[in-house]
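# I would like to see how this sequence folds:
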Amino acid sequence: MRNSDSTRRNSLRTIAVASSLTLAASAAAMGTAHAAVKVTITGTVSCAQFEDSSPKTVTITPRRGTADSDEPPGEGKTEPYTVRLTGVPNGGTTATVRVVCVDDDGDTNTYKRKNVPITKPADGSALKLNLPG
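Predicted structure coming up:
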C-alpha cells in the first residue's frame, strides 16, 4: 500500500508542476501581448473651418490608455501641437480626437474625429497626425 500512495503523490506532483508551468507560460504570453507603450503624437491643428478662429486645445483620448491634451502656443489658424499618450497597447488602439477652437470674440467651436488609429511607429519616432486631416 505504501508504494501505491507514493506513486499517487508523485503523479499528483507531476500534474501540479505541469499545470503551474502551463499557467505561467500562458500568463507570460498574455503579458507580452498586452504590453503598454508611450506614444508621442505631433502635428498641426487647424481651425480654418471656423471664421477667425485659432486652436485652443487638442485632446486625444485612446480607447485603451491614458488621454492627454495640449494647448497650441499661437493664435494662427494652424498651430503645432504635441500630445503624449501612455498605456497604449503594444499592438495599438483607436482614439477620439477633440479640438476646441476660439475666435476673436471668445466664442468656441469644437470638432471631433473618432476611431483614429494610434500605434507607436516601429522606429520609435513620434506619430504624425495633422488635424483636420
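
# spit out the contact partners of the closest residue in space to residue 131 that isn't next to it in sequence.
Computed as C-beta to C-beta, 6 or more residues apart in numbering, the closest residue to residue 131 that is not its neighbour in sequence is residue 45, at 4.5 Å. C-betas here are computed from N, CA, C, even on glycine. With contact taken as C-beta atoms under 8 Å, 6 or more residues apart in numbering, residue 45 is in contact with 55, 58, 72, 78-81, 99, 130-131.

# okay, now the domains of this structure?
As recorded under automatic domain parsing, the domains making up the chain are 1-33, 36-128.

# from the opening residue of the longest one to its closing one, how far?
Right, domain 36-128. End-to-end distance of domain 36-128: 19 Å, with C-alpha to C-alpha, to the nearest Å as the criterion.

# and for stretch 110-126?
25 Å.

# out of the contacts of residue 45, grab the one that's most surrounded.
Among the contacts of residue 45, residue 55 has the most neighbours (other C-beta atoms under 10 Å), with 26 neighbours.

# after the helix or strand containing that residue, next one along is what?
Per DSSP states H and E, residue 55 falls inside strand 53-62. Going down the chain from strand 53-62, the next helix or strand is strand 68-70, by DSSP H and E.

# who touches the next helix or strand after that following strand?
Counting by DSSP H and E, the next helix or strand C-terminal to strand 68-70 is strand 78-89. The contact list for strand 78-89 (C-beta under 8 Å, 6+ apart) reads 34-48, 54-55, 58-60, 62, 64-70, 72-73, 95, 118-120, 126.

# where does the prediction get shaky in the chain?
For the chain, residues meeting the criterion pLDDT under 70 lie at 1-34, 133.

# show me where it has strands.
36-46, 53-62, 68-70, 78-89, 93-103, 108-118, 127-128 (DSSP state E).
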